[in-house]
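Novice: got a predicted model here, sequence first, then my questions.
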Amino acid sequence: MAEIAVPPGVEVVPHDFEVVHHDIEVVPADTEVACASLELQAVLPAARQARTFTEESLRLWGEGEELIDAAVLIVCELATNAIRHGAQPLPPESGRDPRPEPVFVLRLALQPDGLHIEVRDGSAILPVRRAAGREDDCGRGLLIIATLAESWTCGLNPDGGKWVRASLSRVPDALMD
């Protein structure tokens, strides 16, 4: 079996296979195949770093262009929202080192049926989808996420701050609906 180079910050999670017919192996739908996470300072260049990290991770995992393109757009919107609206330090209860500068955490979890993207930040204010006017230069991020993702949701962390999650199907046709 060939070894795969794993970039810094990418964690490969072992999983068990269930043999259902001869040499065909099926991974249960709730099994995590691979995951990667990245903590970034909540500054504008971090959105570019999050996009690059997402693209490189998905390419390493052998995913197709349609999934990569959609995931990169979603990550860009989630990261930008975390930078603009969630830029508060993660609380000490979060288990992370207390830092004066605000950070956000991007997590990618690849499962047999889809990719799950999560961004956590220090703000307890949940995102609200709004209608942007023609001349507005912002306010379309959640609309873009809702259009590209199979689903998205958000919630409060018990330790403070919030999370926003989006899921994409690994089936190319699902991205075109």
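Specialist: Yes, it's here.
Novice: what is the longest helix seen in the chain packed up against?
Specialist: Longest helix in the chain by number of residues (criterion: DSSP state H): helix 65-85. On a contact count with 3 or more Cβ pairs under 8 Å, 6 or more residues apart in numbering; DSSP states H and E, helix 65-85 meets helix 45-60, strand 103-111, strand 114-121, helix 141-148, strand 162-169, helix 172-176. (C-beta placed from N, C-alpha, C; glycine too.)
Novice: mind listing what's buried in that helix?
Specialist: Using 16 or more other Cβ atoms under 10 Å as the test for burial, helix 65-85 gives 66-68, 70-83, 85.
Novice: least trustworthy helix or strand in the chain by mean pLDDT?
Specialist: Lowest by mean pLDDT, DSSP states H and E among the helices and strands of the chain is strand 18-21, with a mean of 32.
Novice: wait, L58 touches I68, no?
Specialist: Yes. Between L58 and I68 there is a contact at 4.7 Å, judged by Cβ atoms under 8 Å.
Novice: which stretch among the helices and strands packed on helix 65-85 comes nearest G155?
Specialist: strand 162-169 (5.9 Å; Cβ to Cβ).
Novice: E63 belongs to a helix?
Specialist: No. Read with DSSP: H, G, I helix; E, B strand; the rest coil, E63 is coil and lies in no helix.
Novice: which ones are touching it?
Specialist: 110, 115, 170 (Cβ atoms under 8 Å, 6 or more residues apart in numbering).
Novice: the first one - how many residues pack around it?
Specialist: I take that to be L110. Using other Cβ atoms under 10 Å, L110 has 22 other residues around it.
Novice: what secondary structure does I125 sit in?
Specialist: I125 ends up coil, using three-state DSSP.
Novice: mind checking pLDDT for it?
Specialist: Each residue has a pLDDT score; the one for I125 is 89.
Novice: was I right about it contacting A82?
Specialist: No. The criterion here is Cβ under 8 Å, and I125 misses it with A82 at 11.4 Å.
Novice: from A71, how far off is the closest residue in space to D121 that isn't next to it in sequence?
Specialist: Distance criterion Cβ to Cβ, 6 or more residues apart in numbering; nearest residue to D121, sequence neighbours excluded, is G86 at 3.2 Å. To A71, G86 is 20 Å away according to Cβ to Cβ, to the nearest Å.
Novice: what's the answer for T80, then?
Specialist: In terms of Cβ to Cβ, T80 sits 15 Å off from A71.
Novice: next one: L58
Specialist: Counting by Cβ to Cβ, the gap from L58 to A71 is 6 Å.
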